[in-house]
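Chemist: would you be able to build a 3D model of this:
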Amino acid sequence: MADTATFKHIGVSREGVITIIEIRRGPNNFVDTDMVAEIADVLEDMDRTPDCRAIVLCAEGKHFCAGADFSSRGPEGVAVGATRGRHLYKEAQRLWRSGKPIVAAVQGAAVGAGLGLAVMADFRVTCPEARFSANFTRLGYHPGFGLTATLPRLVGMQSAAMLMYTGRRVPGDEAVTLGLADYCVPLENVRPKAIEVASEIAASGPLAIVATRETLRRGLADAVAQATEREFEEQDWLRKSDDFREGIKAMGERRPPNFTGA
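Modeler: Sure, this is the predicted structure:
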C-alpha cells in the first residue's frame with residue numbers, strides 16, 4: 001500500500017480498489033479549511049478514477065477529529081478564526097458532492113465539526129472508546145458543518161435535537177444503537193473493519209453503486225449547502241456573545257460553563 005499523493009494535512013494510499021484517506025494532524029486532528037479542502041480534492045479526484053470503487057476516511061492519533069481548536073485562542077483569536085467559517089463551509093459543501101461511497105473509521109473523539117465530518121460518510125465503524133458529540137451549544141454556539149441537515153436525516157429529528165441541545169457525548173456502542181454508527185468493534189479493529197466494509201461494497205457493480213448512492217442521497221448536497229449558510233449566520237452573531245466567550249473559557253478550564261443568556 002503506497003502513497004498515491006502528498007498533502008500537508010492528509011495521507012492518501014490505495015489498497016486494491018479502496019482509497020484510504022488518513023487525516024494526519026494527530027493526536028486531535030483538529031479541523032480547518034485547508035484540511036477539508038484537501039479531503040474534497042481527493043474525493044473529486046477519485047470520482048475521476050474508475051479503479052477506485054470505495055473510500056475509507058480515517059485518522060492517525062488518539063481521535064478521529066476533535067472539531068475546531070478553540071483551546072489555545074483568546075476571544076480575539078476565536079473571532080478571527082470564526083470569520084473564516086464561511087470559507088470552511090464552502091469547502092465542506094464539496095464533500096457532499098462526491099460520488100464514491102465512503103466508510104469512516106472513527107476512534108476517540110468525533111466532536112463538533114469532527115462529528116459533521118464523520119456523518120458526511122455513508123457508514124461509520126467505531127469502538128467503545130469513541131465519543132460522538134455535537135457539543136456546539138455547550139460552547140454557547142450554533143451547530144455547524146451541515147449537522148442541522150445531516151444529523152436528523154441519520155438518527156431522526158428527536159434524537160438529533162437531543163444530541164444538539166445537550167451536547168452529550170455518545171460512546172461507540174450507544175452510537176450504533178442510535179444509528180449514528182454502523183459497527184462497534186475493538187479499537188485495534190476499527191480501521192481493518194472499515195476496509196472490510198468498503199471492500200464488501202466494492203464487490204458490487206461500480207456503476208450501480210454510484211447510481212444507487214446518487215438516488216439515496218439526492219438533494220442532500222443542496223440541503224447541506226442551505227444549512228451551512230444558515231448555520232454560519234447564526235454562528236456569526238453568537239460568536240460575539242458573552243455566552244460564547246464563557247463557553248470557550250469554561251472548556252479551556254475544564255469546568256461547567258456559567259451562561260447568562262447574554
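
Chemist: the stretch 1-150 of the chain: strands as residue ranges?
Modeler: 3-6, 10-15, 18-23, 54-59, 102-105, 109-111, 123-126, 131-133 (DSSP state E, counting those that start in this stretch).

Chemist: where among the ones you listed is the average confidence lowest?
Modeler: Note on these: lowest mean pLDDT is at strand 3-6, with a mean of 60.

Chemist: among the strands of the stretch 1-150 of the chain, which is nearest Lys249?
Modeler: strand 109-111 (17.8 Å; C-beta to C-beta). To be clear about C-beta, it is placed using only N, CA and C from the backbone, and glycine gets the same treatment.

Chemist: packing partners for the closest one?
Modeler: Counting contacts by 3 or more C-beta pairs under 8 Å, 6 or more residues apart in numbering; DSSP states H and E, strand 109-111 is packed against strand 131-133.

Chemist: quick check: Arg184 vs Cys127, distance?
Modeler: If you look again at residue 184, you'll see it is Cys, not Arg. Separation of Cys184 from Cys127 (C-beta to C-beta, to the nearest Å): 6 Å.

Chemist: confidence-wise, which helix or strand of this structure is lowest on average?
Modeler: helix 75-82 (a mean of 42; mean pLDDT, DSSP states H and E).

Chemist: hey, what's Cys65 bridged with?
Modeler: Beta-bridge pairing of Cys65 under DSSP bridges involves Ala110.

Chemist: could you pull out the helices for the stretch 151-262 of the chain?
Modeler: Secondary structure of the stretch 151-262 of the chain by DSSP state H, counting those that start in this stretch: the helices cover 157-166, 172-178, 190-202, 206-216, 220-238, 242-253.

Chemist: what's the most buried one of those helices?
Modeler: helix 190-202 (a mean of 20; mean count of other C-beta atoms under 10 Å).

Chemist: quick one on the thing from earlier: out of the strands of the stretch 1-150 of the chain, which comes closest to Asp45?
Modeler: Short answer: strand 3-6, nearest of the strands of the stretch 1-150 of the chain by C-beta to C-beta, at 7.9 Å.

Chemist: how about the helices of the stretch 151-262 of the chain in TSV, adding distance to Thr137 and mean pLDDT?
Modeler: Converted to TSV, the helices of the stretch 151-262 of the chain look like this (distance: least, C-beta to C-beta, whole Å; pLDDT from 0 to 100):
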stretch	distance to Thr137	mean pLDDT
helix 157-166	6	98
helix 172-178	18	97
helix 190-202	28	98
helix 206-216	30	98
helix 220-238	10	96
helix 242-253	9	94
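
Chemist: nearest to Gly99, out of the ones you listed?
Modeler: Judged by C-beta to C-beta, the one of the helices of the stretch 151-262 of the chain that comes nearest to Gly99 is helix 206-216, at 5.1 Å.

Chemist: and that closest one with strand 54-59, angle?
Modeler: 70 degrees (axes from the mean of the first three to the mean of the last three C-alpha atoms, to 10 degrees).

Chemist: what is helix 206-216 packed up against?
Modeler: So helix 206-216, by 3+ C-beta pairs under 8 Å, 6+ apart, packs with no helix or strand.

Chemist: His87: what's it in contact with?
Modeler: Counting by C-beta atoms under 8 Å, 6 or more residues apart in numbering, His87 touches Thr33.

Chemist: mind doing that once more with 10 Å?
Modeler: Residues near His87 by C-beta atoms under 10 Å, 6 or more residues apart in numbering: Thr33, Val36, Ala37, Phe232.
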